[in-house]
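**Q** Fold the following.
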Amino acid sequence: MARIPLPRREDMPAEWHDTYDRMQRERGNPTSHVFLALANLPNLMDALLSFTGEMKRGSVLSQRHRELGIMMTALAASSAYEFDHHWNHAIRAGVPRAQLEALDQWETSPLFDDRERALLRYAVEATQRIQVADETWEALTRAFPLREVMDLVMAVAWYNAVARINGPLRIENEPWFKRL
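**A** Numbers count the residues shown, from 1 in each chain. Have a look, this model is predicted:
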């Protein structure tokens, strides 16, 4: 059970109804628990919706690679909520189920190519150590153009932040959530 309320629209002061409505329009209704938890910061919600929307829509990194990086970040951060939710996003983005099932063996599994390994290594190091080794950075920048690397840097950073929100708040999957 979440440690904080997951507010409904009627629980919010009237001046925040437009923001709550935007959240539901952009994030769906029913709304995922992580965004409901963040609705407890209504003064930041508009900015968060704009930021996360632009980070996704404006990314030039392929959706498949982006989701693979997010999945590894969730795994490395032990964020079951994000791992479950992004499983579905990853499947829709074209990440093969076999790869998702083998993420914990990414270093040795023949299911991953060198580009994917560079991306996954970056996500693990940035999540677990913050600093990344020079050889990790060099492999990543050989594998992807700088603009795509920066999209990955931001995605990994954001989902590390989300993991550090979900964990302490004990955000759990919604009753309606189902993994594909």
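
**Q** burial count for Asp109?
**A** Heads up, residue 109 is Ser, not Asp. 15 (other Cβ atoms under 10 Å). C-beta coordinates here come from the backbone N, C-alpha and C atoms, glycine included.

**Q** ok, it touching Ala102?
**A** Yes: counting by Cβ atoms under 8 Å, Ser109 touches Ala102, with 4.5 Å between them.

**Q** List the contacts of stretch 14-26.
**A** Stretch 14-26 is contacted from outside by Pro7, Arg9, Met12, Thr31, Phe35, Ala39, Pro42, Met45, Asp46, Leu49, Gly53, using Cβ atoms under 8 Å, 6 or more residues apart in numbering.

**Q** Just give me the neighbour total for the nearest residue to the fourth one once chain neighbours are set aside.
**A** What that stands for is Thr31. Counting by Cβ to Cβ, 6 or more residues apart in numbering, Gln24 is the residue found nearest to Thr31 once chain neighbours are left out, at 5.5 Å. Residues lying near Gln24 (other Cβ under 10 Å) number 16.

**Q** just to revisit the earlier point, mark which of the contacts of stretch 14-26 are buried, thanks.
**A** With neighbours counted by 16 or more other Cβ atoms under 10 Å, these contain buried members at Met12, Thr31, Phe35, Ala39, Pro42, Met45, Leu49.

**Q** How about the longest helix that the chain contains, which residues are buried there?
**A** Longest helix of the chain, by residue count under DSSP state H: helix 146-169. Residues of helix 146-169 classed as buried by neighbour count (16+ other Cβ under 10 Å): 148-149, 151-156, 158-160, 162-163, 165-166, 169.
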